[in-house]
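[1] Pasting the sequence and the predicted coordinates here, then a few questions.
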Amino acid sequence: MNFQEIRELDGEYLARTYARYPVALVGGKNATLTDSEGKEYIDFGAGIAVNIFGANDEEWKAAVIEQLGKIQHVSNYYYAEPQVKLARLLCERTGAKRVFFSNSGGEANECALKAARKYSFMKYGAGRSRIVSLKDSFHGRTLFTLTATGQEEFHKYFGPFVPDVSYAEANIADVKRAAGEDTCAVIIECVQGESGVTALDQGFVKELAAWCAESDVLLICDEVQCGNGRCGTLYAYEQYGITPDIVTTAKGLAGGLPIGACLFFKRAENAFSAGDHGSTFGGNPVSCAAAINVISRITKDFLLEVQGKAAYLRAKLKNLDGVRAVTGLGMMIGLDLDKDAKQVAAACLEHGLLVLTAHKRLRLVPPLTITKTEMDEGLSILREVLR
Ligand SMILES: *Cc1c(COP(=O)(O)O)cnc(C)c1O
């Protein structure tokens with residue numbers, strides 16, 4: 001199909017949930033993608049921080065195909081080797097004790113929020129069900145995670161919402177105010193993604209972790225976007241010097257196949273028992289095989305390379321005319337611009353560069369395997385567009 005045909009069918013048959021850029025991506029290699037008309041793009045978006053190894057990575061593909069040659073799905077009524085291997089890998093690399101697998105970030109967070117309520121119920125009985133989340137957070141589209149998303153614009157049509165969710169500014173005094181006496185968990189993104197690529201303050205996160213430990217309130221780190229090597233460490237919280245009680249992740253975890261994971265650390269390890277939670281597709285063997293490939297390749301050396309690329313990109317971006325500030329952490333980059341970010345993103349697309357926006361900022365989350373040549377090409381397109 002050519003682009004016009006694809007666009008017409010999309011308009012006719014798909015629910016109107018997405019305002020799409022006028023392009024259909026059909027293939028590529030690493031951070032260089034091709035559309036249905038044969039035009040090439042440098043990819044600074046990675047499908048929203050998903051395609052960690054870019055497009056068409058040989059090793060990743062081989063891992064997926066190998067699993068496809070065995071079996072594509074097994075029910076969670078049975079044991080599955082890819083699940084246990086991935087769970088062990090995640091626990092060994094993070095210090096977590098147990099993992100629940102889902103299919104998306106929203107579901108991983110839904111799991112974390114339910115687990116926090118159960119943890120508290122088992123220990124203190126009913127009435128300690130409050131979740132505190134931060135203003136400008138994003139945690140997903142299920143009703144509970146949407147409720148926990150601290151942005152009014154997402155709360156327009158879908159009420160009534162889940163009770164006992166409060167919102168706080170990113171400072172300890174306001175978290176305590178929002179929490180009161182009936183809170184079981186606080187959920188944060190160390191680097192807020194959807195609301196503008198904003199790294200939380202180190203001091204605040206440390207104080208929060210200490211207060212949570214003191215008050216037996218579970219600290220949930222939503223690493224759906226900022227995790228899996230994106231910020232230069234396997235998970236972003238590592239750079240904050242804290243150990244959360246629950247970590248959720250998804251986007252980049254399987255390098256482009258659907259997966260979500262909820263990691264339980266010591267305090268929360270036994271929150272769930274049999275029958276408490278489940279997912280038909282959760283821990284799908286093909287997704288798990290892909291994620292094993294991803295996590296085992298995010299080594300110390302790989303992370304050093306990511307840090308180097310991030311430093312390079314950030315230095316170059318800072319010096320571009322029209323860039324006021326560079327935000328975020330590692331390869332999760334926000335840009336404050338003189339011009340309107342949405343217009344800049346559209347112009348970049350025309351000139352062969354894929355970028356994202358997040359509120360008023362431009363958001364750059366390239367594949368972590370992006371080459372220097374690809375970065376330079378992308379930077380020169382952005383320079384031209386901003387001029
Ligand atoms: C994308 C995102 C989610 C939701 O993930 P889905 O896979 O779209 O459900 C949740 N939290 C954060 C921080 C995200 O960036």
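    Thanks, I have the structure now.

[2] Would you confirm that residue 207 contacts residue 170?
    No: using C-beta atoms under 8 Å, residue 207 makes no contact with residue 170, being 10.8 Å away. (C-beta placed from N, C-alpha, C; glycine too.)

[3] Tell me how many other residues surround the residue nearest to residue 288 when sequence neighbours are not counted.
    By the measure of C-beta to C-beta, 6 or more residues apart in numbering, the closest residue to residue 288 outside its immediate chain neighbours is residue 82, 3.6 Å from it. A count of nearby residues for residue 82, using other C-beta atoms under 10 Å, gives 23.

[4] How about residue 58?
    Applying other C-beta under 10 Å, we find 9 residues neighbouring residue 58.

[5] Next one: residue 241 relative to the ligand, how far apart?
    Here the criterion is C-beta to the nearest ligand atom, to the nearest Å. By it, residue 241 lies 21 Å from the ligand.

[6] which residues touch the residue in the chain that the ligand sits nearest to?
    Distances between the chain and the ligand by C-beta to the nearest ligand atom are smallest at residue 105, namely 2.4 Å. Contact analysis of residue 105 by C-beta atoms under 8 Å, 6 or more residues apart in numbering lists 139, 140, 222, 224, 225, 248, 249, 250, 251, 260.

[7] In these, which residue is surrounded by the most others?
    For those, neighbours tallied by other C-beta under 10 Å; top is residue 222, 34 neighbours.

[8] Not counting sequence-adjacent ones, nearest residue to residue 359?
    Spatial nearest neighbour of residue 359, chain neighbours left out: residue 196 (4.2 Å); criterion: C-beta to C-beta, 6+ apart.

[9] Then residue 244?
    Nearest non-adjacent residue to residue 244 (C-beta to C-beta, 6+ apart): residue 221, at 4.1 Å.

[10] Now that neighbour: which helix or strand?
    Residue 221 is part of strand 218-222, with elements assigned from DSSP states H and E.

[11] In the sheet, which strands lie alongside that strand, parallel or antiparallel?
    Take DSSP bridges as the rule and strand 218-222 pairs in its sheet with strand 183-188 (parallel), strand 246-249 (parallel).

[12] element containing residue 78?
    Following DSSP H and E, there is no helix or strand that holds residue 78.

[13] circling back to that earlier point, what would the strand holding residue 221 look like as CSV? C-alpha coordinates only.
    Output in CSV follows, covering the C-alpha atoms of strand 218-222 (Å, rounded to 0.1, in the frame of the first residue of the first chain):
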residue,chain,number,x,y,z
LEU,A,218,6.0,1.5,49.7
LEU,A,219,8.0,3.5,47.2
ILE,A,220,7.1,2.6,43.7
CYS,A,221,9.5,3.7,40.9
ASP,A,222,7.9,3.8,37.5
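
[14] near the ligand, anything from it?
    Yes: Strand 218-222 comes into contact with the ligand (C-beta under 6 Å from any ligand atom), by way of residue 222.

[15] What's the mean pLDDT across that strand?
    Mean pLDDT, computed over strand 218-222, is 98.

[16] and what of stretch 79-97?
    98.

[17] residue ranges of the helices in the protein, please?
    3-13, 46-49, 58-68, 81-94, 105-124, 143-147, 172-179, 202-215, 285-297, 300-318, 341-350, 372-386 (DSSP state H).

[18] Now distance to residue 19 too, for those, in JSON lines please.
    Formatted as JSON lines, those follow (distance: least, C-beta to C-beta, whole Å):
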{"stretch": "helix 3-13", "distance to residue 19": "12"}
{"stretch": "helix 46-49", "distance to residue 19": "14"}
{"stretch": "helix 58-68", "distance to residue 19": "30"}
{"stretch": "helix 81-94", "distance to residue 19": "35"}
{"stretch": "helix 105-124", "distance to residue 19": "20"}
{"stretch": "helix 143-147", "distance to residue 19": "19"}
{"stretch": "helix 172-179", "distance to residue 19": "32"}
{"stretch": "helix 202-215", "distance to residue 19": "33"}
{"stretch": "helix 285-297", "distance to residue 19": "28"}
{"stretch": "helix 300-318", "distance to residue 19": "26"}
{"stretch": "helix 341-350", "distance to residue 19": "10"}
{"stretch": "helix 372-386", "distance to residue 19": "20"}
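
[19] Tell me the residues on the stretch 151-300 of the chain that lie near the ligand, please.
    So the stretch 151-300 of the chain meets the ligand at 189, 193, 194, 222, 224, 225, 250, 251 (C-beta under 6 Å from any ligand atom).

[20] Can you name the residues that contact residue 378?
    31, 42, 44, 353, 366.

[21] which one of those residues sits closest to residue 69?
    For those, the minimum distance to residue 69 (C-beta to C-beta) is 28.3 Å, reached by residue 31.

[22] Next one: that closest one from residue 345, what distance?
    According to C-beta to C-beta, to the nearest Å, residue 31 stands 17 Å off from residue 345.

[23] So those two - more neighbours on which side?
    residue 31 (27 against 20).

[24] pLDDT score for that one?
    98.

[25] check contacts around it.
    Residue 31 neighbours (C-beta under 8 Å, 6+ apart): 42-44, 46, 54-55, 366-367, 369-371, 374, 378.

[26] okay, now residue 343: neighbour count?
    Residue 343: 12 neighbours (other C-beta under 10 Å).

[27] for residue 289, that is, sorry about that
    Here the count is done by other C-beta under 10 Å, and residue 289 has 25 residues near it.

[28] So for it, what's the nearest residue that isn't a sequence neighbour?
    Closest residue in space to residue 289, ignoring its immediate chain neighbours: residue 67 at 3.7 Å, by C-beta to C-beta, 6+ apart.

[29] What distance do you get for that neighbour to residue 114?
    Applying C-beta to C-beta, the value for residue 67 to residue 114 is 29 Å.

[30] Between these two, tell me which one has more neighbours.
    For residue 67 and residue 114, the more surrounded residue by other C-beta under 10 Å is residue 67, and the numbers stand at 21 against 17.

[31] Isn't the more buried one up against residue 285?
    Yes: counting by C-beta under 8 Å, residue 67 does reach residue 285; the two are 5.5 Å apart.
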